[in-house]
Every structure is written in structure tokens, then in C-alpha cells.
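1. Mind looking at a prediction? Sequence and model below.
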Amino acid sequence: MSSSRPTWILVLIHASAALLAAVSLAATLWNGLEERPVALAFGLLITVGEFTRWTGAHVREAAPLGAAGALSYALLGEDAGQPTHHGVFQVVAIVLAAALLGGVPHIARGRSPEPDHLARRVLTVGFAAICFQPLYNRGAFEEWSGAAYALLLLALLALTALCDAVLAAALAHSRTGWPFGPLLRDEMRALLGIGSAVCATGAVMALAVAVVGLWALPVFCLPLLLTQLSFRRYAAVRATYRQTIASLARATEVAGYTPAGHARRVAALSVAVGRDLGLSGAELTVLEYAALMHDIGQLSLVDPVPSGATAGLPAAEQRRIALLGGAVVRQTGVDGSVAVVVERQADPCREQPVAARIVRTVNAYDEKAQGTGPGGPLTALEELRLGTAGDYDPDVVEALARVLSRDCLTLGRVG
């Protein structure tokens, strides 16, 4: 891990979660469980949610059912009209125990535990419980009823979601060194998807249990289960889509037009540069697909370019290859925005969209640094800096330099 990454943030978040978890477990063991049937019911729900969490592609909330159950328990004030008396420590202890229990099957299958996920769960649930339980037990919400009480729960859930977004962005920033602002922006945008479903389900379950009792839990968790299945199918389709694009991108390598691994290296490094420049998640997806397919226009050449190095070709030839590549991309049914990036690689730098500038710069870097020995990457970077007067965007070149320096990337690692 690079020394430039703020690892103290990671340590602080994990230490805070561990301290809260230890105090909560100790206090619960000392005082015993309040309303055991309620605690066991919510614990079972959270365990099932953690057991069914996603383990494939990265998603905003891997265990939406577990998150909704944990938030609902943190904001629960009554059970079938009878006031509850569990406090903050019991909420955190039950959520922690259920999350650990739900993670056992995943560990048994050989998947490593996810400390970041557990730390976020403990801290966000603790935040929600601290905001609600002490005030509720003191009677601060006795005058709140009906729609006003429901709005109160939604407001608290919104604050909790913001807290979780900040934690997620801080953890990602600490582990990767990527800029915190764009990471937080992506987390906030993701709240409109599965995050809103989790908050809504948590509020509905807390309100329903308060009126009809624990029988409401299996009824009101079904919509979220169906939503989770839909997101899983969507994620599977996205993964298949990307694999198809990667397979198409390898056509130039199989045909001998580009070196092996060139498209993967350019795609990986382009995404890293895009993150450094603050591109959103959707923009990074377009950038990755365009980087994978940026050389597909070379299939139209009768004689391959030596080593596939198009950066040294005349501008007119680069333009022709880029336009042919964009036409091929459009025929494959890939998003039109990807084709635009591919076909505008050879445009004048100042007229290109940001994604095209990134692909052009990273492609030239990989071509110049490939097979040139230990000093090749530095020499290639200096050549790009000398070309910032017209061929390459200086901001993109400096972002590339930061990524290479921060992550200590080499051509082998990028590939």
C-alpha cells in the first residue's frame, strides 16, 4: 500500500467500530436481553439477510435485507402497541452477532471476511440507534404520531444513509487513494437505487411491527427480497455484457494487430486516471468499455501496424482507424457513447471529450513504454509531457503521472 494513502482513516473507522462493538457486547451480557422474542426475530432476519448477501460484483449494499432489518430494529419503539426497552447497546450487539453468524457460511465456502462491511454496519446502526433510542425511551416522541412519526423515522434513516455514504467513501479513499469527493458523489448517487429501498423497508417494518407485532417482518421483507433478486439479475447481465466487450476487444490481439494484454492494460489504467480526475461511475463504465475497444478499427488494415502502435501514425490514418472503430462498436450494439469515445480518439485534443483524451493518452503511454526496459515508463511519461502542447491533455498526463506514482503501477500489474 502506498504511503500516500490515508491509512489512518481506515484504522480510525475500524477501531471505532471495534470499540462500539466491544462495549455493546459487554453491556448486553451484563444487563441481559430485553424483549427476547423481538431481539431473536430481528436477529434471525438480519442473519438471513447477511447469509443471502451478494458475493460477486461490487455493489453499493451487498446485504440490503440485513441492512433494512438492522435499521428497523434500531428505530423500533413498540411491539404490537407495547413499548420496547432495548437500548443502543443491545441493538448493536444483536446486529453484530447476527452479521457474524450470517457470514459463517460465506467463510466456510472459502470467501474471506469483509471487515469494512462489518465496520460500516456496526457504526451506521449505532448512529441510528443513538439518534432514536435514548430520546424515545425518555418520551421525547410521545407527541409524534401518524404521518409525523413516519416522517421522523424517514428523516433519521436519511441521516443514517448519509453517514453510511461518508463511511463507504472514506474507506474506499483510504484503501485506494482515489479522491474522496468523487467517491462520495458516487455513493450519494447510489442512495437513489438500492439505498432508498433499504431505508423505505426499514421504516415500514419498524412502523408495522409497532402496530401488528413481529408477524409484519416476513410480510414486509418480501418486496426487498424481490428487489434484491432483480438487482442480482441486473448485475449478472452487466457482468456478461462486460465479458462480451472484453472478448470483442481481444479480436485485435488474436489477429496479431496489437500486443497481448494491451487492451486490458489501457482499460485498467484509463479507469484509474478517470477516477483521479473525478469521473462518475457511469462515466467510468463508458471509459472502460471504450478503452477495451479503442483499437478495434485496426481490423480494417491490410497490413498490421508494427506492435499496434497507432500513436506514431499520420493524423489522417489515425482518424480513419478511429472512425472505422466507432462504426464497428455501433454495429455490436454497445452504448453509442462508447462509440463516440472510440471514434474521437484522433480528433484535436481540445475538441475531444474527457474520456477520449484519457484513452488517447493512456494508449500512447502503453505503446511507448511496452518492452522498453525498466526506464521505459518514465521515458514514455516524459514524452507525453513534451506533447501536451497539442497532442495530449496536460491534466490527463499529470493524472496519469499521479496514478503511476501513487499506486506504483507497472505494465505487468496493469495487465
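-> Thanks, I have the structure now.
2. per-residue pLDDT, N31?
-> Note on N31: pLDDT of 91.
3. need the contact list for it.
-> Contacts for N31 (CB atoms under 8 Å, 6 or more residues apart in numbering) come out as 89-90. The way it works is simple: take the backbone N, C-alpha and C, and place the C-beta from them, glycine included.
4. M205 now?
-> M205 sits next to 68-69, 72, 216-217, 220-221 when contact means CB under 8 Å, 6+ apart.
5. try L184
-> L184 sits in contact with 165-166, 169, where contact means CB under 8 Å, 6+ apart.
6. go with 6 Å
-> The contact partners of L184, by CB atoms under 6 Å, 6 or more residues apart in numbering, come to A169.
7. helix or strand for it, which one?
-> Here L184, judged by DSSP states H and E, is contained in helix 180-190.
8. Please verify my assumption that V286 contacts S337.
-> Yes: with contact defined as CB atoms under 6 Å, V286 counts as touching S337 (5.0 Å).
9. What is the subsequent helix or strand relative to the helix or strand where A268 lies?
-> Per DSSP H and E: A268 is located in helix 262-276. Moving toward the C-terminus from helix 262-276, the next helix or strand (DSSP H and E) is helix 281-292.
10. Sort out which residues of the helix or strand following that following helix are buried, please.
-> Per DSSP H and E, the first helix or strand lying C-terminal to helix 281-292 is helix 315-331. Neighbour-count burial for helix 315-331, counted by 16 or more other CB atoms under 10 Å, picks out 318-326, 328-330.
11. now swap in stretch 290-304 and tell me
-> 290-298, 301.
12. Equivalent analysis for stretch 200-208, please.
-> Buried residues in stretch 200-208, counted by 16+ other CB under 10 Å: 201-208.
13. Need the distance between the two termini of stretch 370-384.
-> The straight-line separation of the ends of stretch 370-384 (CA to CA, to the nearest Å) is 14 Å.
14. what do you get for stretch 80-94?
-> For stretch 80-94, the end-to-end distance is 20 Å (CA to CA).
15. Other residues contacting that stretch?
-> With CB under 6 Å, 6+ apart, stretch 80-94 has contacts from 24-25, 27-28, 34-35, 39, 43, 73-74, 76, 126, 129-130, 133, 213.
16. and the residues you listed, which are buried?
-> Neighbour counting with 16+ other CB under 10 Å marks 24, 28, 35, 39, 43, 73-74, 76, 126, 129-130, 133, 213 as buried within the contacts of stretch 80-94.
17. returning to that earlier point: and the contacts of stretch 80-94, which two are the farthest apart?
-> L25 and G213 (27.4 Å; CB to CB).
18. The stretch 1-150 of the chain: helices as residue ranges?
-> For the stretch 1-150 of the chain, the helices defined by DSSP state H, counting those that start in this stretch cover 7-31, 36-51, 64-74, 88-108, 115-137, 147-176.
19. distance between the longest one and the chain's centre?
-> The chain centroid and the centroid of helix 147-176 are separated by 15 Å, computed with CA atoms, centre = their mean, to the nearest Å.
20. How about the second one?
-> Computed by CA atoms, centre = their mean, the chain-centroid distance of helix 36-51 equals 27 Å.
21. Equivalent analysis for stretch 333-347, please.
-> On the basis of CA atoms, centre = their mean, stretch 333-347 sits 25 Å off its chain's mean C-alpha point.
22. quick one: contacts of it?
-> The contact list for stretch 333-347 (CB under 6 Å, 6+ apart) reads 286, 289-290, 293-294, 318-319, 322-323, 325-326, 329-330, 352, 355-356, 359-360.
23. how far away is A129 from V204?
-> A129 is 18 Å from V204, where distance means CB to CB, to the nearest Å.
24. Spit out the contact partners of A27.
-> F89.
25. per-residue confidence for it?
-> Note on A27: pLDDT of 95.
26. Grab the nearest non-local neighbour of G326.
-> Using CB to CB, 6 or more residues apart in numbering and skipping residues adjacent in sequence, the residue nearest G326 is E343, 2.6 Å away.
27. Tell me how many other residues surround that neighbour.
-> 24 (other CB atoms under 10 Å).
28. how far is the helix holding A268 from where the chain is centred?
-> The answer for helix 262-276 is 17 Å, by CA atoms, centre = their mean.
29. what does stretch 118-131 give?
-> On CA atoms, centre = their mean, the centre of stretch 118-131 falls 20 Å from that of its chain.
30. And the contacts of it?
-> 13-14, 17, 20-21, 70-71, 74, 88, 91-92, 95-96, 99, 156, 160, 163-164, 167.
31. Quick one: low-confidence residue ranges for the stretch 301-415 of the chain.
-> 302-303, 306-312, 371-376, 407-415 (pLDDT under 70).
32. make it 90
-> 301-353, 363-394, 399, 401-415 (pLDDT under 90).
33. Just list what the helix or strand that contains L400 packs against, helices and strands only.
-> Using DSSP H and E, L400 sits in helix 394-407. Packing partners of helix 394-407 (3 or more CB pairs under 6 Å, 6 or more residues apart in numbering; DSSP states H and E): helix 262-276, helix 354-369, helix 376-386.
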